[in-house]
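Peer 1: Got a predicted structure plus its sequence, pasted below:
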Amino acid sequence: MDLSELYAQMCLIRAFEEALLEVAARGEVPGVVHPYTGHEAVAVGAVAGRRPDEWVVGYYRCHGHAIASGSPIGPLLREMLDRAGGICGGKSGSMQICDRDRRFLLASSIVGSQLPIAAGVAFGERAAGSGRAVVVFCGDGALGAGVAYETLMIARQKGLPLALVCEDNGWQDRNPSPAVMPMKPAELLRGLGVEVTEADGNDVEQVASAMSGVLDVCRAGGGPAALVARTYLRDFHSQLRNFVPAAYRPADQVERWKAKDPLLRAGQRLRSLGTDPQPVLDAASAAVAEAVRGALAAPPTPVDTALSSVTVAPFGAALAGSDVR
Amino acid sequence: MDLSELYAQMCLIRAFEEALLEVAARGEVPGVVHPYTGHEAVAVGAVAGRRPDEWVVGYYRCHGHAIASGSPIGPLLREMLDRAGGICGGKSGSMQICDRDRRFLLASSIVGSQLPIAAGVAFGERAAGSGRAVVVFCGDGALGAGVAYETLMIARQKGLPLALVCEDNGWQDRNPSPAVMPMKPAELLRGLGVEVTEADGNDVEQVASAMSGVLDVCRAGGGPAALVARTYLRDFHSQLRNFVPAAYRPADQVERWKAKDPLLRAGQRLRSLGTDPQPVLDAASAAVAEAVRGALAAPPTPVDTALSSVTVAPFGAALAGSDVR
Amino acid sequence: MSQHPINVVFERAMDEQPELTYLATTRVAGWERTYGADRSVCMPISENAMMGIGVGLAMTGRRTVVDLARAAFLFTAMDPLVNQATKWRYLSDGQYSVPLLVLAITRCGENSGSQHEHVPHSMLCQVPGLVVAVPSSVNSAAGLMATALNHPDPVVILETSRIFFPGWDTATDIEPTFDPIPFGLAHRVREGTDVTLVGIGNTVTDCLTAADQLAQRGISAQVVDLRTAAPLDRDGVALLASTTRAAVLVDEAIGACSLMNDLGLHLLTSGAVEPVGLRVVASDPCPIPASPTLQAVVLPSAADVAEAAADALDGRPAR
Amino acid sequence: MSQHPINVVFERAMDEQPELTYLATTRVAGWERTYGADRSVCMPISENAMMGIGVGLAMTGRRTVVDLARAAFLFTAMDPLVNQATKWRYLSDGQYSVPLLVLAITRCGENSGSQHEHVPHSMLCQVPGLVVAVPSSVNSAAGLMATALNHPDPVVILETSRIFFPGWDTATDIEPTFDPIPFGLAHRVREGTDVTLVGIGNTVTDCLTAADQLAQRGISAQVVDLRTAAPLDRDGVALLASTTRAAVLVDEAIGACSLMNDLGLHLLTSGAVEPVGLRVVASDPCPIPASPTLQAVVLPSAADVAEAAADALDGRPAR
Ligand SMILES: Cc1ncc(C[n+]2csc(CCOP(=O)(O)OP(=O)(O)O)c2C)c(N)n1
Ligand SMILES: Cc1ncc(C[n+]2csc(CCOP(=O)(O)OP(=O)(O)O)c2C)c(N)n1
Ligand SMILES: [Mg+2]
Ligand SMILES: [Mg+2]
């Protein structure tokens, strides 16, 4: 995939998140938002090389994962804004979205829990001899979870084609990771015998090329393998409704990383290659603005499916348990 | 502690387990037994250097841990035989015993679960500046559990005086550990940055001397540290009631290890030092026989405490929930 | 010795469904050779990841059986069951099915102490959409398993240890065959006209014994096996109970927020039983002690059931 | 803005009990400086080990508060709660106390989806000996916390997210103070003579709103806050309910094996309420959707409560 295309995806994610936060500030997002701003190069670079039949698995900071996987922004927005046409019918909200058609398996809001699920998918691929890899994202904080370790041990022992992308932003909510973990992600993963490639997570080309190596290892049966992408959250961990998020990181750290903004850098590089990035950015903004307008004009989530898809089996009534309601 | 004393303890454990299995074969043990036969040198060597005010924490294969910690065999036997005078009043059985007075904190029957509990105790010791270590045992299979990893990461990050003893018998129930784990215990623990000492777990002197180094590291604030003791189960994983346990390991492997029996080796060594081990062994057998006689002659567990010690708070009735009983 | 019906049913499914996958920390003899290590998968002691892997397999089209060995180990694997397996059909608004079957042994006659002996059916009924099957016998376990192996959503089968003990094949079975047993349909295992005894899992046997004891006192007891805790056959039990003058609901779990208290409420509000004719016999509110002597105090017995039945009938007029 | 009562209570305990230890994945501003990193302990995302460490501290004499942040994360830490914290007093036959307090937020107004929003009080009531407190307001949370911080056994406090939202200090509180609140004692928060509305946690507010709505229809409703799910004040509620002609029990959890079905049974068997006068209003049996629009369908509302009350009273003669 060429840089313009990667840049276009990053712009779409950036515009999406900025618009979403704006709508949230107006009180129109009922739930929580974990913005992907700052991480754009990771999702876009990591998913650039996946084949269309390979699954991608995300975590709660998932809007970037979904958009990079090809999910349409309209249904994503509507999901988060509680409007008709949401990608999961209003049942998922922001943190647990999925899009089976784009092989975006799911994003899970329980830290670490996506890892064994992705390993299960990878187990299926290996059993089928499909030669496909499975891309799974996690934060640096997720490496604290025992289930991450269990998954990696099993993936190694069974040789699963699990391509792990660790988005190492140095923080886990309000804690700097070194305050709670004795090892950095790459050192830790290597200690567990996992093949690790490190990349500058704010450089989309570097991420894409490093990831293509990781995917090749997995597809060739040499998995699991991991990419550790060093990056940073431009804005903050999360915002609930329109409550103003507290600043929790040193201001100079935040400033330092602003200079390394992944869009800025990709834009400069494009320019150096003779392409003007502005029209791409503008197109993304326009597409998002259009999607926001559409979402805000849409009716609320229709209620007729509120109780559907709990199970497929026809014993809803018997399961109710509230017969005297 | 001198070798005769270590040997005496090993003999006591061996005699205890053999007598217990004999009683079980007659159908007089209502529960399950995970015999410590073959591992005796590990518990005895590892606990030899602990100070009387240091806690020991075990896992379900715990009779050796308890006896090495000083627990009296009579109350232990009675606990397992459902007789009056059991060390936990009949509530614990074989796998979850404890003896607060001997600072044998507990043995837990959930694989890996004893590790964070021991780390909590170690946290308290560090907070108190006591200079005490905490000894905790686990099997090689326990290293598969995510909670083992979580505990070690936290112990490293907080510098806890946790002295881990991994009883590496190469098997986890009916699975050979290499069939399910990609790394051997020592390599894995080192990969996690834990200081590891390896020892021949069938040589009680070697275990004791290696462990004294591990304890010193912990007491000096350099913990956690681990001892990996290579050993083998002489008999089998477990026996339920009087059901005959299946053979699950290659016969030649079982035979090979018989030659390395820890009691045999300590006995030979004693003899080479001019001490006849036989009287020690005989004394242990006699003590156990006496305890068995006493237990079998004792009345059943008294029922008046069946419902006591659920909580200390006086709201048992309100908690009952079965008011229409 | 004949082959265990559970194995017969399971092997039949392994043969019929080429992608059916079995994850366990223990091995079934010969399965790795027959089905390959990709379908009979031996796992480390990593229940959380094992269950999560099962979810991933099931979501992408491979029905998976996660054998936890014991319900005691479910507590290290609750998250993938509660937050993943039972959620993704709903969260995805129907994009996914999660055909995951979890096997877990509860207790009975092992006397291994309260960390190892758990009866979590009531807890699990609080997980929306989860099928919680609690077989009472060898055939009941195999028949419920047969249904579970074709069910499109997550199922937990809580098996009593008793059905695996030596001699399992000598006991007479309350289910004549191991044909598939539908979920949510209680089963009358003994007819009777005076009182209805309702059991689940291990307590079905207690109810049958109690019925024998009651018969000697001239009381005719019908016995009902719930078979699944969720879905719960409220109406079926109410219908049966309405033909007798009293009902005794028996559970080896504690009473608070329990299945039997829940069912009891339905029997009363539906008018099937009058308040004075209802008894719930549950475990005392404490962990299950290792000692069988103490268990006899804490857990419900056939004698407790018979006594409760006689007490409930006392002074109740014939209809 | 005044200091949050929960913090006031907690800091008072930190000052009074020099070994009280706080484990959390988040920090309380200033606590590390005030109490030291040995007492205000910042943890990685390792809930299972965090809870186990809490057990080890508590068993050896250091009361510990494990702050899970959310009840959603309890499912990765069930084993040390179910198999360790609540077991060791019994397993040891009284050798140990385990003064462990677990804090966990349930839900309300966050709309974060079913993995994040859980109301597990009924499940937890199945753990023998565990105190399950479910405060309904800021003061209720602080008052229950004050008691928990002196309790000798494990306690879980399931807090509603609402009490931490901006503006928490502007709402009028149903508890006038944050003095310690005893466990197992329900609290009448509004007097009334026709119907008794029983809530827990978030549904207490719904009951109060419903009482207002009913008042406009000439129906006088008394409202009861259970405060703890375990111990459950069965007799206290029965006594209160027996003074009115009907009772409506309201829970945002699903009905199967629920606290309110359990309580309902007691109200009927104790004779406090007649079967036709009882209603249980629970969540529909599905995960909690992220969309507030869908939640309005699935979760009980004040209007549902009022309607159930009117329905229960319909045709019920005045006593
Ligand atoms: C099991 C679990 N524990 C706690 C949380 C609360 N939580 C949400 S995000 C987060 C920090 C995760 O940090 P990291 O994995 O580094 O991802 P990042 O947010 O930095 O992208 C925490 C603790 C959770 N969602 N799941
Ligand atoms: C969490 C958990 N899963 C499974 C089991 C069942 N189980 C009991 S012992 C055992 C094997 C443990 O092996 P290891 O740790 O090597 O100890 P060993 O028995 O060899 O001494 C297993 C799987 C358990 N007790 N706890
Ligand atoms: Mg991070
Ligand atoms: Mg082993």
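Peer 2: Structure's in. What do you need? Ligands and ions are numbered 1, 2, ... in the order given.
Peer 1: surely A:Val217 meets A:Glu195?
Peer 2: Yes - in this structure, A:Val217 is within contact of A:Glu195 by C-beta atoms under 8 Å, at 6.3 Å. The C-beta positions use only the backbone N, C-alpha and C, and glycine is treated the same way.
Peer 1: Closest approach to chain B from the stretch 1-150 of chain A, which residue is it?
Peer 2: A:Gly146 (2.1 Å; C-beta to the nearest C-beta).
Peer 1: distance of C:Met260 from ligand 1?
Peer 2: 33 Å (C-beta to the nearest ligand atom, to the nearest Å).
Peer 1: quick one: contacts for that residue?
Peer 2: Residues in contact with C:Met260 (C-beta atoms under 8 Å, 6 or more residues apart in numbering or on different chains) are C:Val198, C:Leu249, C:Val250, C:Asp251, C:Val280, C:Ala282.
Peer 1: could you redo the last one with a cut-off of 7 Å?
Peer 2: The contact partners of C:Met260, by C-beta atoms under 7 Å, 6 or more residues apart in numbering or on different chains, come to C:Leu249, C:Asp251, C:Val280, C:Ala282.
Peer 1: do A:Ser309 as well
Peer 2: C:Arg89, C:Tyr90, C:Asp93, C:Gly94.
Peer 1: any residues in contact with both of A:Val217 and A:Glu195?
Peer 2: What both A:Val217 and A:Glu195 touch, as defined by C-beta under 7 Å, 6+ apart, is the set A:Ala225.
Peer 1: quick one: average confidence on the helix or strand containing C:Thr205?
Peer 2: Assigned by DSSP states H and E, C:Thr205 falls within helix C:202-216. Average pLDDT, helix C:202-216: 98.
Peer 1: in that helix, what counts as buried?
Peer 2: For helix C:202-216, burial by neighbour count (16 or more other C-beta atoms under 10 Å in any protein chain shown) applies to C:Asn202, C:Thr203, C:Val204, C:Thr205, C:Asp206, C:Cys207, C:Leu208, C:Thr209, C:Ala210, C:Ala211, C:Gln213, C:Leu214.
Peer 1: what does the following helix or strand past it contact?
Peer 2: Per DSSP H and E, the first helix or strand lying C-terminal to helix C:202-216 is strand C:221-225. Outside strand C:221-225, the residues that touch it by C-beta under 7 Å, 6+ apart are C:136, C:174, C:186-192, C:194-199, C:204, C:207-208, C:210-211, C:214, C:237, C:240, C:244, C:309.
Peer 1: Go ahead and name everything in contact with the lengthiest helix in chain A.
Peer 2: Counting by DSSP state H, the longest helix found in chain A is helix A:3-25. Residues outside helix A:3-25 that contact it (C-beta under 7 Å, 6+ apart): A:29, A:33, A:35-37, A:40-41, A:43-45, A:48, A:63-64, A:67-68, A:73, A:80-81, A:204-205, A:208, A:239, A:241-242, A:262-263, A:266-267, A:269-270, A:273, A:275, A:277, A:280-281, A:284-285, A:287-288, A:292.
Peer 1: before we move on, what about stretch A:65-77?
Peer 2: Residues contacting stretch A:65-77 (C-beta under 7 Å, 6+ apart): A:9, A:12-13, A:16, A:43-44, A:47, A:56, A:58, A:63, A:85-87, A:97, A:99, A:102-104, A:107, A:137, A:287-288, A:291-292, A:294-295.
Peer 1: what about burial for the residues you listed, which qualify?
Peer 2: Neighbour counting with 16+ other C-beta under 10 Å marks A:9, A:12-13, A:16, A:43-44, A:47, A:56, A:58, A:63, A:85-87, A:97, A:99, A:102-104, A:107, A:137, A:287-288, A:291-292, A:295 as buried within those.
Peer 1: Only alpha carbons, please: show the lowest-mean-pLDDT helix or strand in chain C as CSV.
Peer 2: Least confident helix or strand of chain C, by mean pLDDT, DSSP states H and E, is helix C:31-35 with a mean of 95. The C-alpha trace of helix C:31-35 is given here as CSV (Å, rounded to 0.1, in the frame of the first residue of the first chain):
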residue,chain,number,x,y,z
TRP,C,31,-8.0,-39.2,21.0
GLU,C,32,-4.8,-37.4,19.9
ARG,C,33,-4.1,-40.4,17.7
THR,C,34,-7.7,-40.6,16.3
TYR,C,35,-8.5,-37.0,15.9
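Peer 1: Neighbours of C:Arg188, how many?
Peer 2: 14 (other C-beta atoms under 10 Å in any protein chain shown).
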